[in-house]
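[1] I would like the atomic coordinates for the input below:
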Amino acid sequence: MSIQSARDFLTKITEDEQFGRRLGGCKTASERSRFAQAAGFGFTSDELRAARGEFQDRDLDTISGGGTCCGSTAECCTESINN
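    Numbers count the residues shown, from 1 in each chain. Predicted coordinates:
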């Protein structure tokens, strides 16, 4: 597990709209966790929260805006991912 993996995960959501949409299609925390792991990311909930705290507000807007991810908030797709 690593905070760097959590950072990379958030960056992937920011840069890859299709990836974000697929993540947004996961209905439960368990599904989101399996999705992240299957994509090669390994981090704990605490590491994800710490990485998310490092992103600027504009980065979080990018993650959640314009239909990326679930089209709601960044937390919609990244909170409750438990490993």
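[2] Now do whichever strand or helix holds residue 11: which elements does it pack against?
    Taking DSSP states H and E as the criterion, residue 11 maps to helix 3-15. For helix 3-15, the helices and strands in contact under the criterion 3 or more CB pairs under 8 Å, 6 or more residues apart in numbering; DSSP states H and E are helix 17-24, helix 45-54, helix 57-64, helix 74-78. Using the backbone N, CA and C atoms, a C-beta is placed for each residue, glycine as well.
[3] Could you check how far residue 32 is from residue 43?
    Per CB to CB, to the nearest Å, residue 32 is found 12 Å from residue 43.
[4] Have a look at the two and say which one is more surrounded.
    Neighbour count, other CB atoms under 10 Å: between residue 32 and residue 43, residue 43 has more, with 25 against 21.
[5] tell me the SS of residue 43?
    At residue 43 the chain is in coil, as set by DSSP: H, G, I helix; E, B strand; the rest coil.
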